[in-house]
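Novice: Any chance you can model this:
(2 chains)
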Amino acid sequence: MPDVASPPATDTVIRVEGIDAGYGNIQILYDVSMPVERGKIVAIIGPNGAGKSTVLKSILGLLTPTKGQILYHGRDITGTPPHRIIAMGIGYVPQGRIVFPDMTIRDNLEMGGFTCRDKQVFDENLERCFDLFPILRDRQKQSAGTLSGGQQQMLAIGRALMSNPDTIILDEPSLGLAPKFVDTVFDTLRAMRTQGLTLLMVEQNAAKALALADHGYVLEVGRNRFEGPGRELLADEAVRRLYLGG
Amino acid sequence: MSPPVDALLSVQGAVKSFGGVRAVDGCTFDVAKGSTTGLIGPNGSGKTTTFNLITGLERPEEGEIYFEGQPLVGKRPHQITRSGLGRTFQTTRVFPDMTVVENMMVAAPEDNFDDSADRAIELLALVGLIELREEFGGNLSYGQNKLVEIARVHMRPHRMVMLDEPFAGVNRTLAEQLVDYIEKMHARGVTYLIIDHEMKLVMRLCQRILVLDQGKLLVEGLPEVVQNDPAVLSAYFGQE
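Specialist: Numbers count the residues shown, from 1 in each chain, chains lettered A, B, ... in the order given. All right, here's what the predicted structure looks like:
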């Protein structure tokens, strides 16, 4: 047996370290730190304007922090452009489940696999995606616009899986979905964790997100305020009161 | 339905749909004369649409709205402004190539333009921007722009002013200046209805809080009562 490289000493997949970030003159994040452990579901919650989406944009390279750094498997990815970050192994499910409505479901999935140059790997990714969401296999020739909101969210998640990520970032996966579809989406996230994926999500339904999450971070006006196991944060009255300025 | 006696503004059963979504769904509330009232609620609860219905930017499919006992539905936005009800918007629109004073004077009442420079200076002093009066709008920070816009709405002697997210994107120092300004104008008799997500400031500034959820009034009451209401908490925090 040839020697294999030893696994990294840390089990931290993404490490956000002391970042400041914002838009133009408006600073949104102040010294935010957020390690994300391998194989865990991690939720970022907080009232409006807390900076939740800004953290995601910083990780994805849509925004470059003015201070601090972002590590992915120990490697500094601060300021790396989004397409390279996707190719490195971070998948992205944008807010509002933006799919290409006039393209077929299969074409939408192919768009997600644009970083993949190997046909065989591509086919494997597609199969895995269809196994997770059989409805997408059944309806792959239909245009994505014909899917229900919940199914479009499945497609958006499936598309993120096509770049073969080990980590997926989800921005408000439950937003605008009917309650029964919200449960379906959350069941899917659970199934993805079982497959070893790391999930980092921002979610407006804080109660649901914390009930599912292994770990949660609570932001308030751009700063780390609380963190801990999801269930503990869920039971913490101080976290709830934060939403109403208490 | 008829207007209530002591309410300055009365919204009665307002409905407004966009596509299949009833953004405002039978919304009913009053704003008492002389009060500072907060209008809060989770994202998408219908707050800004309610503002748009009141100020004539959207027309309700059902319901009535009264200001000082006069029906507003069917009136044009400029008619509503002239009747003494002003508002600001989430996005600021300060003219970049005009000075701060000129920006203020744009909003002067057409029948009393002569006094408008004095009025502008007085308001700028109150909001704490007097040193910037000759600065071009384009040279101000985002927060300073917001303060100019909020000061500007008072160029008319409005009896009521509605502010849509006045504190969003405004740093703490400027936010305190703004709180101070609103309190001073309130003491001069302006009634306020304020949408904002900066809960600490809203709860401090307002005597009464209205909570919208899914286009309806969920709860109304004193700040400390609303803050501890389980229905309000679960509207914001979600449910498992």
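
Novice: per-residue pLDDT, the residue of chain A found nearest chain B?
Specialist: Across chain A, the shortest distance to chain B (Cβ to the nearest Cβ) belongs to A:G245, at 2.6 Å. Using the backbone N, CA and C atoms, a C-beta is placed for each residue, glycine as well. We have a pLDDT of 78 for A:G245.

Novice: What of A:G96?
Specialist: Model confidence at A:G96 (pLDDT) stands at 83.

Novice: residues in chain A within reach of chain B, list them.
Specialist: By Cβ under 8 Å from any Cβ of the partner chain, the residues of chain A that approach chain B are A:24-26, A:47-49, A:204-209, A:211, A:234, A:240-241, A:243-246.

Novice: List only buried entries from those residues.
Specialist: Using 16 or more other Cβ atoms under 10 Å in any protein chain shown as the burial test, those include A:47-49, A:204-209, A:211, A:234, A:240, A:243-245 as buried.

Novice: Report the spatially closest residue to A:A211, excluding sequence-adjacent ones.
Specialist: Nearest residue to A:A211 in three dimensions, chain neighbours excluded: B:E240, at 4.7 Å (Cβ to Cβ, 6 or more residues apart in numbering or on different chains).

Novice: Hmm, the one you found is touching A:K208, no?
Specialist: Yes - between B:E240 and A:K208 a contact is recorded at 5.8 Å, counting by Cβ atoms under 8 Å.

Novice: Okay, strands next: where are they in chain B?
Specialist: All strands of chain B, identified by DSSP state E, fall at B:7-18, B:21-32, B:36-40, B:62-67, B:70-71, B:85-87, B:160-164, B:191-195, B:208-213, B:216-221.

Novice: Spit out the contact partners of whichever residue of chain B sits closest to chain A.
Specialist: Using Cβ to the nearest Cβ, the closest approach of chain B to chain A is made by B:M199 at 2.6 Å. Counting by Cβ atoms under 8 Å, 6 or more residues apart in numbering or on different chains, B:M199 touches A:P47, A:Y243, A:L244, A:G245, A:G246, B:I40, B:Q227.

Novice: measure the second one to A:T78 for me?
Specialist: A:Y243 is 31 Å from A:T78, where distance means Cβ to Cβ, to the nearest Å.

Novice: What of the last one?
Specialist: As for B:Q227, its distance to A:T78 is 39 Å (criterion: Cβ to Cβ).

Novice: Show me the strands in chain A, by range?
Specialist: Going by DSSP E, chain A shows strands at A:12-23, A:26-37, A:41-45, A:67-72, A:75-76, A:90-93, A:167-171, A:198-202, A:215-220, A:223-228.

Novice: so what's the residue nearest to A:P165 when sequence neighbours are not counted bridging to?
Specialist: Leaving aside its sequence neighbours, A:P165 sits nearest to A:G91 (Cβ to Cβ, 6+ apart; 3.5 Å). On the basis of DSSP bridges, A:G91 is bridged to A:I168.

Novice: what sits against A:G91?
Specialist: With contact taken as Cβ under 8 Å, 6+ apart, A:G91 is in contact with A:G112, A:A160, A:L161, A:S163, A:P165, A:T167, A:I168, A:I169.

Novice: can you check B:R76 too?
Specialist: Neighbour list for B:R76: B:G56 [criterion: Cβ under 8 Å, 6+ apart].

Novice: Likewise for B:S45?
Specialist: With Cβ under 8 Å, 6+ apart, B:S45 has these contacts: B:L212, B:D213, B:Q214, B:G215, B:A235.

Novice: Contacts for stretch A:59-79 next, please.
Specialist: Contacting residues not belonging to stretch A:59-79 are listed as A:8, A:10, A:12-23, A:27, A:29, A:31-33, A:54, A:57-58, A:80-82, A:84-86, A:88-90, A:92, A:167, A:169, A:200 [Cβ under 8 Å, 6+ apart].

Novice: Show me which of those are buried.
Specialist: Buried by 16+ other Cβ under 10 Å: A:12-17, A:19-22, A:27, A:29, A:32, A:54, A:57-58, A:80, A:85-86, A:88-90, A:92, A:167, A:169, A:200, out of the contacts of stretch A:59-79.

Novice: Name the nearest residue to B:R208, ignoring sequence neighbours.
Specialist: Counting by Cβ to Cβ, 6+ apart, the nearest residue to B:R208 once its immediate chain neighbours are dropped is B:T37, at 4.8 Å.

Novice: what's the distance between the one you found and B:M162?
Specialist: Distance, B:T37 to B:M162, by Cβ to Cβ: 10 Å.

Novice: Mutual contacts of the two, please.
Specialist: Common neighbours of B:T37 and B:M162, counting by Cβ under 8 Å, 6+ apart, are B:Y192, B:L193, B:I194.

Novice: my guess is B:C206 contacts B:I194, does it?
Specialist: Yes - the pair B:C206 / B:I194 is scored as a contact, 6.5 Å apart, by Cβ under 8 Å.

Novice: Looking at chain B, which helix is longest?
Specialist: Longest helix of chain B, by residue count under DSSP state H: helix B:172-187.

Novice: name the helices or strands packed onto it?
Specialist: If contacts are counted by 3 or more Cβ pairs under 8 Å, 6 or more residues apart in numbering or on different chains; DSSP states H and E, helix B:172-187 sits against helix B:116-127, helix B:142-152, strand B:191-195, helix B:199-205.

Novice: cutoff 7 Å now
Specialist: Contacts defined by 3 or more Cβ pairs under 7 Å, 6 or more residues apart in numbering or on different chains; DSSP states H and E place helix B:172-187 against helix B:116-127, helix B:142-152, helix B:199-205.

Novice: Great, nothing more from me.
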